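Colleague: Pasting the sequence and the predicted model now:
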Amino acid sequence: MRQRVVLALGGNAILQPGQEGTFENQKANIEVSAESISKIIKAGHELVIVHGNGPQVGQILRQNELAKEEVPVQPLPICSAESQGFIGYMLQESLKNRLPEKNVATVLTMTEVDLADKAFNNPTKPIGSFYTEEESNQLAEEKGWVMGEDAGRGYRRLVASPEPKGIVEVNVIKTMLENDIVVVSTGGGGIPVARNEKGNLEGVAAVIDKDSSALRLSQDVESDVLMILTDVPNVYINYGKPDQEKLETISIEKAEQYYGEGHFSDGSMGPKMAACIEFAKLGKTAIICSLTEAVEALEGNAGTRIVG
């Protein structure tokens, strides 16, 4: 049965931990991802692909820092847009080479946030380069940045991670889906924008959680399935312990129970489960599975499924 699927790619699908962020490494990872994604398209489903961009934006910010004496430094929303462009290009090329008959396009996507969101009062998302404590204090004074220590590795700039209110280009994306176009959208959670005092959209220095934006997009385009791809085949409770248990098909109530019991960490499976629980409350199916088992998961034969 043909379904409309919003598919969220984890960061490892583009750059794996410990890898150097070269074009060659990222393209090789994208090729692996495209091989699995192409099978979903061949199965006849409508598809929107959302991807992470954390390492890539970090690289762009680092380039800004190193070249600041020669090239004007660009603000964070511009860096986010740059990453959407080049990751989208790699996905488009890889999918088009496998499916020359299909139309594939990247939509440079803005995600609206609210400046009244409490996240702006407590920036927690580290971005960019590491600095010494002295450098950190200087940047806080000169640029007004909020700085914080990151896992004992040094000090980094901290920005807000607000909740997404809506996907600005949603009508464009829906029109493309209705015309059988594979869409790459909302990369890195989308370029954060907010309404200024005149009611106009304006970029803001923030990072939106990719899984939260994938949920928002799924709601806005009325998708049948929200699928989050990871580097593990299932979600587990008691993960890494002798009594770890694989989750297959579970109810919203059971998923909320496990979430409340603290089985899913904030920096890993937590945001994914939170997004899937909210989507399942619409009476639809949310799936978390490995990249290599996406088609099987859509058929109900792999992964963790949360059903309403």
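Modeller: Here it is on my side, so go on. Residues are numbered from 1 along each chain as shown.
Colleague: what does the lowest-mean-pLDDT helix or strand in the chain rub up against?
Modeller: For the chain, counting by mean pLDDT, DSSP states H and E, strand 125-131 ranks last in confidence among helices and strands (a mean of 88). For strand 125-131, contacts defined as CB atoms under 8 Å, 6 or more residues apart in numbering pick out 57-58, 61-62, 65, 76, 139, 147-148, 150, 153-161, 206-207. Glycine gets a C-beta too; all of them are placed from N, C-alpha and C.
Colleague: Can you flag which of the residues you listed belong to helices?
Modeller: 57, 58, 61, 62, 65, 76, 139 (DSSP state H).
Colleague: hmm, back to that, now do the buried residues in the least confident helix or strand of the chain.
Modeller: For strand 125-131, a neighbour-count test (16 or more other CB atoms under 10 Å) marks 125, 126, 127, 128, 129, 131 as buried.
Colleague: I'd like the residues you listed written out as CSV, with distance to residue 281 added.
Modeller: As requested, these are exported to CSV (distance: CB to CB, whole Å):
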residue, distance to residue 281
125, 26
126, 31
127, 32
128, 36
129, 40
131, 42
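Colleague: Drop anything exposed from the ones in helices among the contacts of strand 125-131.
Modeller: 57, 58, 61, 76, 139.
Colleague: Just give me the closest of those to residue 17.
Modeller: In terms of CB to CB, no member of those lies closer to residue 17 than residue 58, at 13.1 Å.
Colleague: Report the contact partners of that closest one.
Modeller: Here residue 58 is in contact with 127, 128 (criterion: CB under 8 Å, 6+ apart).
Colleague: Check the gap between it and residue 10 for me.
Modeller: 16 Å (CB to CB, to the nearest Å).
Colleague: Also residue 126?
Modeller: 19 Å.
Colleague: for the stretch 51-200 of the chain, what spans make up the helices?
Modeller: Under the criterion DSSP state H, counting those that start in this stretch, helices of the stretch 51-200 of the chain are mapped to 54-67, 76-98, 133-143, 170-178.
Colleague: Same list (those) but as CSV, adding distance to residue 4 and mean pLDDT.
Modeller: Shown next, in CSV, are those (distance: least, CB to CB, whole Å; pLDDT from 0 to 100):
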stretch, distance to residue 4, mean pLDDT
helix 54-67, 27, 91
helix 76-98, 17, 97
helix 133-143, 43, 93
helix 170-178, 6, 97
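Colleague: Identify whichever of those helices lies nearest to residue 14.
Modeller: helix 76-98 (6.4 Å).
Colleague: list the buried ones in the closest one?
Modeller: 76-77, 79-84, 86-88, 90-92, 94-96, 98.
Colleague: same check, this time on stretch 20-34
Modeller: Here stretch 20-34 shows 26, 29, 30, 33, 34 as buried, counting by 16+ other CB under 10 Å.
Colleague: For that stretch, which outside residues touch it?
Modeller: Contacts for stretch 20-34 (CB under 8 Å, 6+ apart): 9, 12-16, 19, 55-56, 59, 87, 90-91, 94-95, 98, 291.
Colleague: Including distance to residue 232, could the helices of the stretch 51-200 of the chain go into a markdown table?
Modeller: Shown next, in a markdown table, are the helices of the stretch 51-200 of the chain (distance: least, CB to CB, whole Å):
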| stretch | distance to residue 232 |
| --- | --- |
| helix 54-67 | 19 |
| helix 76-98 | 22 |
| helix 133-143 | 35 |
| helix 170-178 | 29 |
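Colleague: Contacts only, for the most far-flung residue of the chain relative to its centre.
Modeller: In the chain, the greatest distance from the average C-alpha position (CA atoms, centre = their mean) is reached by residue 134, at 32.9 Å. By CB under 8 Å, 6+ apart, residue 134 lies in contact with nothing.
Colleague: For residue 155, see how far away it is.
Modeller: 9 Å.
Colleague: quick one: the helix or strand in which residue 36 is found to helix 76-98, angle?
Modeller: Using DSSP states H and E, the element containing residue 36 is helix 23-42. Interaxial angle, helix 23-42 versus helix 76-98 (axes from the mean of the first three to the mean of the last three CA atoms, to 10 degrees): 60 degrees.
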